[in-house]
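Colleague: the sequence and its predicted three-dimensional model are supplied below.
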Amino acid sequence: MNILSPSILSADFWRLGEQIREIERTGVKYLHIDVMDGLFVPSISYGMPLIASLRKHTDLFFDVHLMIERPERYVKDFAESGADMINFHIEGTDQIGETIKAIRSYGKKVGIAIKPGTPVEEAEPYLDLVDMVLVMTVEPGFGGQKLIPECLDKVVLMRRMVEERGLSTDIQVDGGIAIDNAERAVEAGANVIVAGSAVFKNDISVNIKELLHKMNK
Ligand code: DX5
Ligand code: ZN
């Protein structure tokens with residue numbers, strides 16, 4: 001079964017608790033939480049206090065996507081705020097190995113993320129050290145963008161690398177995923193699918209049902 005990870009970046013924050021309950025009722029188990037610092041990406045989103053607050057109310061798996069410079073500075077804070085998995089961009093640090101170790105030292109799952117312009121080979125040396133690789137399918141920073149088709153070619157290459165090594169590393173895609181391309185993302189080799197605007201527009205339950213159907217044919 002491929003996994004859907006709804007990104008709350010597109011939620012209605014006035015009704016966030018309610019919308020998370022609706023996600024739980026669909027049976028989805030992941031929640032994708034995008035953290036932006038205004039440096040690694042132009043925008044600023046939210047951080048530890050939001051995660052800590054949500055953590056008190058839900059057992060969903062918190063898939064935290066750090067779009068921040070020098071993520072090593074904040075591993076402890078995000079681990080303690082209640083992340084289940086911490087994904088950081090390898091472009092944002094020169095301490096990739098150390099950051100992976102630090103995340104593990106808190107007993108959390110680890111993901112490394114790459115932007116559209118970063119070749120998959122740059123993630124290669126770390127594949128056996130992480131639980132997931134996040135292949136961005138838009139430039140990180142904003143929800144509601146269109147998927148860059150060439151990024152799915154990178155997913156194909158990444159899936160090949162993982163298989164050649166006999167690994168079980170998850171491959172996540174994030175950005176511009178909707179009903180009309182979720183199936184293509186899975187075919188390319190992704191097994192964890194992030195969707196923000198495609199989940200939170202109109203009827204959340206209907207959107208999730210349709211996405212899951214496309215993803216798990
Ligand atoms: C973008 C974020 C995404 C975003 C995806 O930088 O990493 O997780 O929420 O939003 P959609 O699915 O609307 O492209
Ligand atoms: Zn994200």
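Modeller: Great, that's in hand. Ligands and ions are numbered 1, 2, ... in the order given.

Colleague: any residues touching stretch 30-47, and which ones?
Modeller: Identification of contacts with stretch 30-47 by C-beta atoms under 8 Å, 6 or more residues apart in numbering yields 3-9, 20, 23, 50-51, 54, 58, 60-69, 77-78, 83, 89, 91-92, 140-143, 174, 192, 194, 196. Heads up, the C-betas are built off the backbone N, CA and C, glycines and all.

Colleague: restrict those residues to those near ligand 2?
Modeller: The subset of those within reach of ligand 2, by C-beta under 5 Å from the ion, is 65, 174.

Colleague: ok, and of the contacts of stretch 30-47, which contact ligand 1?
Modeller: 7, 9, 65, 140, 141, 142, 143, 174, 194, 196 (C-beta under 6 Å from any ligand atom).

Colleague: need the buried ones from those residues selected in PyMOL.
Modeller: A single PyMOL command selects the buried members of those (16 or more other C-beta atoms under 10 Å):
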select buried, resi 7+9+65+140+141+142+143+174+194+196
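
Colleague: next, the contact list for residue 68, please.
Modeller: Taking C-beta under 8 Å, 6+ apart, one finds 35, 36, 37, 39, 40, 74, 88, 89, 92 in contact with residue 68.

Colleague: let's see 7 Å
Modeller: Neighbouring residues of residue 68 by C-beta atoms under 7 Å, 6 or more residues apart in numbering: 35, 37, 40, 74, 92.

Colleague: repeat that for residue 158.
Modeller: Contacts of residue 158 (C-beta under 7 Å, 6+ apart): 120, 133, 135, 171, 189.

Colleague: mind running it again at 8 Å?
Modeller: Residue 158 neighbours (C-beta under 8 Å, 6+ apart): 120, 123, 133, 135, 171, 189.

Colleague: what helices or strands is the helix or strand containing the fifth one leaning on?
Modeller: Assigned by DSSP states H and E, residue 171 belongs to strand 170-174. Strand 170-174 makes packing contacts with strand 109-114, strand 132-136, helix 150-164, strand 192-195 when contacts are defined by 3 or more C-beta pairs under 8 Å, 6 or more residues apart in numbering; DSSP states H and E.

Colleague: redo the ones you listed as TSV? Include distance to residue 185 and mean pLDDT.
Modeller: Output for the helices and strands packed on strand 170-174, formatted as TSV (distance: least, C-beta to C-beta, whole Å; pLDDT from 0 to 100):
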stretch	distance to residue 185	mean pLDDT
strand 109-114	15	99
strand 132-136	10	98
helix 150-164	6	98
strand 192-195	6	98
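
Colleague: format these as a markdown table; extra columns: distance to residue 97.
Modeller: Formatted as a markdown table, the helices and strands packed on strand 170-174 follow (distance: least, C-beta to C-beta, whole Å):
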| stretch | distance to residue 97 |
| --- | --- |
| strand 109-114 | 11 |
| strand 132-136 | 15 |
| helix 150-164 | 18 |
| strand 192-195 | 23 |
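
Colleague: what does stretch 73-84 rub up against?
Modeller: 33, 35, 47-49, 51-52, 54-55, 61-64, 66, 68, 86, 99, 102-103, 106-109.
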